[in-house]
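Visitor: quick check, what structure comes out for this input:
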Amino acid sequence: MTVKGFFGELKRFGGVAVGACGVALSLNYFIVPNRIVDGGVAGIAILIHYLLGLPTGWLVLVLNIPVFLLGFRFMGKRFLFLSIWGVLVVSLALELSAGVRPVTQDLLLASLFGGLLTGVGMGIIFRSQGSLGGTDIVALILNGKFSFSVGQVLLAIDAAIFTVAAFLFKPELAMYAIIYMFVATRVVDYVQAGLSHTKAAIIISNEPDKIARDIMTILERGVTFLNGSGAYSGENKKIIYCVVTRAELARVKEIIRENDPGAFVALSETPEVLGEGFSPVRGR
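Guide: Model prediction:
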């Protein structure tokens with residue numbers, strides 16, 4: 001392994017550790033003290049903790065052991081080691097931070113901020129190419145054996161956990177758990193893809209060359225011509241495609257207005273842009 005490769009692996013393991021600590025703090029500061037359940041193996045561990053009083057950290061570790069044994073054949077070595085590392089760190093962090101006073105006893109605030117912290121932690125873990133094991137691996141196994149999609153399996157498991165929580169405790173707590181999970185999954189998406197600061201523009205104009213020239217010279221952004229034809233008129237046209245930042249969007253509109261006020265423009269969010277002028281392309 002090269003020095004660069006070694007530091008890349010070190011960065012991945014460090015990222016998984018940081019993310020796992022974030023998840024553990026979320027559970028102990030917001031979720032577990034307020035009797036809000038999580039999804040997956042963590043949710044099962046929390047339910048057992050509520051019922052039997054067993055430590056959550058050890059439960060997460062023990063419940064993941066058979067999952068890793070079952071999923072050994074279905075995972076690559078790097079993903080396996082990173083996932084085992086993530087489970088070890090989150091279990092240790094759960095034990096070290098156990099018994100802390102909750103930040104808030106307001107269930108809505110706990111759901112929202114717990115979801116925020118869990119989402120950030122899980123997003124960092126996923127960006128580092130790891131996981132916290134659990135039902136994600138079970139879903140991958142069932143997906144390979146049967147026709148169930150990964151999403152269907154995860155949804156079924158989480159629905160079962162929330163249903164049990166509703167019967168054991170109060171239905172309201174299961175509702176807050178759903179809020180928590182919704183916030184967490186949304187934040188995971190933002191952490192993985194980043195907050196969108198770019199817009200993709202598709203421009204259909206009678207002056208495509210002038211508009212493309214001004215975008216390239218004034219904004220120094222690349223432009224791509226796509227070939228298209230009108231379904232009604234049958235006329236062939238150059239379609240302009242370009243990606244710009246939000247700060248540059250107003251100038252793009254001005255360029256279009258100056259060259260062809262009647263142009264058709266379609267704008268869309270681009271969650272992540274890689275390549276020259278934006279974020280560099282990095283291997284996973």
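
Visitor: quick check: what element follows the lowest-mean-pLDDT helix or strand in the chain along the chain?
Guide: One helix or strand of the chain scores below all others by mean pLDDT, DSSP states H and E: helix 135-145, with a mean of 69. Sequence-wise, the next helix or strand downstream of helix 135-145 (DSSP states H and E) is helix 150-168.

Visitor: and that following helix, what's buried?
Guide: 150, 153, 154, 157, 158, 161, 162, 164, 165, 166 (16 or more other C-beta atoms under 10 Å). The C-beta positions use only the backbone N, C-alpha and C, and glycine is treated the same way.

Visitor: how about the helices in this structure?
Guide: Secondary structure of the chain (DSSP state H): helices at 3-26, 40-52, 56-71, 77-96, 107-127, 135-145, 150-168, 171-193, 208-214, 246-259.

Visitor: for the first one, C-alpha coordinates in PDB please.
Guide: Meaning helix 3-26. This file holds the C-alpha atoms of helix 3-26, laid out as PDB (Å, rounded to 0.1, in the frame of the first residue of the first chain):
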ATOM      1  CA  VAL A   3       1.600   6.300   1.600                       C
ATOM      2  CA  LYS A   4      -1.300   8.000   0.000                       C
ATOM      3  CA  GLY A   5      -3.400   4.800   0.100                       C
ATOM      4  CA  PHE A   6      -2.500   4.400   3.800                       C
ATOM      5  CA  PHE A   7      -3.600   7.900   4.700                       C
ATOM      6  CA  GLY A   8      -6.800   7.400   2.700                       C
ATOM      7  CA  GLU A   9      -7.600   4.300   4.700                       C
ATOM      8  CA  LEU A  10      -6.800   6.100   7.900                       C
ATOM      9  CA  LYS A  11      -9.100   8.900   6.900                       C
ATOM     10  CA  ARG A  12     -11.900   6.400   6.200                       C
ATOM     11  CA  PHE A  13     -11.500   4.700   9.600                       C
ATOM     12  CA  GLY A  14     -11.300   8.100  11.300                       C
ATOM     13  CA  GLY A  15     -14.500   9.300   9.500                       C
ATOM     14  CA  VAL A  16     -16.400   6.100  10.600                       C
ATOM     15  CA  ALA A  17     -15.200   6.700  14.200                       C
ATOM     16  CA  VAL A  18     -16.300  10.300  14.200                       C
ATOM     17  CA  GLY A  19     -19.700   9.400  12.700                       C
ATOM     18  CA  ALA A  20     -20.200   6.500  15.200                       C
ATOM     19  CA  CYS A  21     -19.500   8.800  18.100                       C
ATOM     20  CA  GLY A  22     -22.100  11.300  16.800                       C
ATOM     21  CA  VAL A  23     -24.700   8.600  16.500                       C
ATOM     22  CA  ALA A  24     -23.900   7.400  20.100                       C
ATOM     23  CA  LEU A  25     -24.300  10.900  21.500                       C
ATOM     24  CA  SER A  26     -27.500  11.300  19.700                       C
END
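
Visitor: burial of residue 183, as a residue count?
Guide: 19 (other C-beta atoms under 10 Å).

Visitor: so how far is residue 200 from it?
Guide: Distance, residue 183 to residue 200, using C-beta to C-beta, to the nearest Å: 27 Å.

Visitor: from what I can see residue 115 touches residue 182, true?
Guide: Yes. Assessed by C-beta atoms under 8 Å, residue 115 is found in contact with residue 182 at 7.0 Å.

Visitor: these two: who's more crowded?
Guide: residue 115 (27 against 14).

Visitor: skip the chain neighbours and tell me the closest residue to the more buried one.
Guide: Distances taken as C-beta to C-beta, 6 or more residues apart in numbering place residue 183 nearest to residue 115, at 2.8 Å, with adjacent residues excluded.
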